[in-house]
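**Student:** One predicted model, sequence on top.
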Amino acid sequence: MQRIGIAPGLVACLLAARVDAFPAEMINDAGPGAKRINTIIVGDGFRDSDQAALTTQGKAVWDTMRSYASYGNYAAFLNVKLIHAVSSDYGARGGDHPPSSPTIFDGYFGCGGIDRLPCLGNETALWQVIRESAPEYDPSHDLLIVLLNDTKYGGGTGTYVIFSVGAGPSIAVHESGHAFAALDDEYSSSGGGACGADCPGPNTTTIADPTQIKWRLWIEPGTPVPTPEGSVPPQTIGLFEGAHYMPTGAYRPRQNCVMRQGDTTFCAPCGEALVLGLYAKTDPIETPIPEDTAVKIGPSGCVRLSYDGPKPNPNTLESIWTIDTAAAGAGTSLDVSASALGQGSHTVELTVTDKTGLVRKDVNGTLTSKRSWTVAVDPSGSNQACVDGGTGGTAGVGGSAGTARSADAETAGNDPGPRGDPIDRTGCLCNLARHDRSGHAALLLVAAALALRSRRADRVRR
Ligand SMILES: [Zn+2]
């Protein structure tokens with residue numbers, strides 16, 4: 001997708017502009033921003049009377065994202081907030097409907113002389129709106145999407161993603177791959193990329209040795225490596241030449257992928273990286289109960305240890321308990337009784353592991369979370385029993401006979417499964433230019449956008 005620049009000369013005169021907070025709505029409310037992956041969507045060129053349409057567009061972005069298993073299964077890890085920024089007229093300069101007066105962020109087509117590349121003339125207003133309308137995600141948002149209310153096709157990316165309603169939401173999915181999982185572009189059509197010793201992302205490589213390929217756990221025995229185009233079914237993971245802007249010398253996992261062309265599914269290694277990326281801020285043991293790690297119970301007492309937190313859907317979390325390193329049960333809670341523990345101090349440990357089939361390689365243990373409590377049996381402790389449902393009952397038995405009520409097997413809701421329906425592929429922007437994700441500052445320095453782009457392309461090639 002095209003990178004975005006900024007309108008020459010427009011920023012300085014708008015620096016003093018003041019923008020009040022706008023109403024906002026949660027398209028997907030998963031929990032506290034500090035512990036979730038956060039996407040902000042904001043509209044440009046939407047009048048008061050267009051706000052319902054903006055909601056429809058915002059929901060379409062999220063609906064498209066969650067139709068991919070990595071997002072649909074992990075919706076509880078993802079916040080999506082829509083800000084209802086209001087413009088005095090609709091459309092975008094240079095678009096199908098040029099507005100009669102500047103829109104709130106002054107969106108326009110023809111950025112850097114490229115007809116289908118939209119930019120914002122007033123980024124100052126954008127950052128003000130984010131600060132004031134989504135303070136909980138500023139600056140901790142992970143993906144910022146600007147929806148341009150014009151039917152003309154166009155999109156671009158830099159410190160934020162921008163695309164027109166005429167382009168549709170699939171661009172957001174490709175860009176989220178960069179934002180959430182540091183995925184590389186898998187396309188080669190731009191030509192001239194370079195990877196050094198190896199490509200940086202989890203989904204591209206220069207290494208053709210079958211024992212060293214990053215995604216080798218996804219390559220089934222018998223698959224030719226490298227994998228000639230068309231030699232295997234389309235979903236097969238192998239080693240396909242042409243990736244990271246290089247027609248030769250760099251490889252990708254599958255014939256096609258969202259990161260190669262934005263109208264297909266994520267390949268398995270990309271989906272794996274996304275799931276691992278979604279765990280960056282989220283701990284399934286978000287709320288250990290009790291929160292205090294030191295627990296004291298009396299000689300006939302009992303304590304129920306448990307946890308709560310975001311869960312994938314279907315719930316692929318496995319919860320294992322040990323007492324003094326000995327297996328004690330499985331499930332989201334464990335009743336630990338003094339009679340089973342015996343006098344003294346004991347360590348109860350909970351290990352929660354996401355056993356999702358979307359991940360095969362987790363070298364950093366990202367999918368595993370641990371929590372331990374020290375349970376002391378002491379005459380000064382409470383002799384309260386563990387009570388089921390708050391209605392009374394017998395004390396639970398701890399230790400190896402601990403009763404564990406597992407929620408691990410439950411599957412609430414539907415697994416949307418891998419995306420199968422192709423998105424409209426007319427005029428995909430993904431192949432028009434390469435990304436330069438380091439280019440925050442570059443956004444402010446594109447007065448001579450075309451010349452800079454040319455030089456930047458050279459730099460990326462090297
Ligand atoms: Zn991929």
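**Tutor:** Sure, I can see it.

**Student:** Can you classify the spatially most central residue of the chain by secondary structure?
**Tutor:** Nearest residue to the geometric centre of the chain (CA atoms, centre = their mean): residue 180, 4.2 Å. Secondary structure, DSSP: H, G, I helix; E, B strand; the rest coil: residue 180 is helix.

**Student:** likewise residue 270?
**Tutor:** Put simply, residue 270 is helix when judged by three-state DSSP.

**Student:** Who's the closest spatial neighbour of it, skipping the chain neighbours?
**Tutor:** residue 203 (5.0 Å; CB to CB, 6 or more residues apart in numbering). All C-beta atoms are positioned from the backbone trio N, CA, C, and that covers glycine.

**Student:** How about residue 140?
**Tutor:** Using CB to CB, 6+ apart, the nearest residue to residue 140 is residue 33, at 5.8 Å.

**Student:** Run a quick neighbour tally on that neighbour.
**Tutor:** 19 (other CB atoms under 10 Å).

**Student:** Look at it and report its pLDDT.
**Tutor:** Per-residue confidence (pLDDT) for residue 33: 94.

**Student:** Wait, residue 96 touches residue 166, no?
**Tutor:** Yes. Assessed by CB atoms under 8 Å, residue 96 is found in contact with residue 166 at 7.3 Å.

**Student:** Overlap of the contact sets of the two?
**Tutor:** 150-152 (CB atoms under 8 Å, 6 or more residues apart in numbering).

**Student:** Quick one: low-confidence residue ranges for the stretch 151-300 of the chain.
**Tutor:** For the stretch 151-300 of the chain, the stretches with pLDDT under 70 are 190-191, 262-263.

**Student:** What parts of it come near the ion?
**Tutor:** When proximity is defined as CB under 5 Å from the ion, the stretch 151-300 of the chain approaches the ion at 203, 257, 259, 267, 270.

**Student:** Please name the residues that touch the most far-flung residue of the chain relative to its centre.
**Tutor:** Distance from the centre of the chain peaks at residue 379, with 49.3 Å (CA atoms, centre = their mean). By CB under 8 Å, 6+ apart, the residues touching residue 379 are 298-299.

**Student:** likewise residue 217?
**Tutor:** By CB under 8 Å, 6+ apart, residue 217 lies in contact with 360-361.

**Student:** right, and the secondary structure at it would be what?
**Tutor:** helix.

**Student:** So among the shared contacts of residue 96 and residue 166, which ones count as buried?
**Tutor:** Buried members of these, scored by 16 or more other CB atoms under 10 Å, are 150, 152.

**Student:** still on that earlier bit, residue 96 and residue 166: who's more crowded?
**Tutor:** residue 166 (18 against 13).

**Student:** how does this structure divide into domains?
**Tutor:** According to automatic domain parsing, the chain comprises the domains 11-181+432-461, 183-282, 287-401.

**Student:** Where does residue 26 sit, in terms of helix or strand?
**Tutor:** Following DSSP states H and E, one finds residue 26 within strand 24-28.

**Student:** Okay, now the sheet partners of that strand, with direction.
**Tutor:** strand 78-83 (antiparallel) (DSSP bridges).

**Student:** And for the helix or strand that the partner strand is followed by, what's in contact with it?
**Tutor:** As assigned by DSSP H and E, the chain's next helix or strand after strand 78-83 is strand 107-108. Strand 107-108 is contacted from outside by 7, 44-45, 92-95, 118-121, 146, 148, 150, 162, using CB under 8 Å, 6+ apart.

**Student:** Show me where the stretch 1-150 of the chain has its strands.
**Tutor:** Counting by DSSP state E, counting those that start in this stretch, the stretch 1-150 of the chain has strands at residues 24-28, 37-44, 78-83, 107-108, 119-120, 143-148.

**Student:** so the first one versus strand 37-44, what angle?
**Tutor:** If I follow you right, that is strand 24-28. Angle of strand 24-28 versus strand 37-44, following axes from the mean of the first three to the mean of the last three CA atoms, to 10 degrees, is 130 degrees.

**Student:** Quick check: buried residues in strand 24-28?
**Tutor:** 24-25, 27-28.

**Student:** Dump these into JSON lines; add pLDDT and distance to residue 328 as well.
**Tutor:** Shown next, in JSON lines, are those (pLDDT from 0 to 100; distance: CB to CB, whole Å):
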{"residue": "24", "pLDDT": "97", "distance to residue 328": "45"}
{"residue": "25", "pLDDT": "97", "distance to residue 328": "44"}
{"residue": "27", "pLDDT": "98", "distance to residue 328": "41"}
{"residue": "28", "pLDDT": "98", "distance to residue 328": "36"}
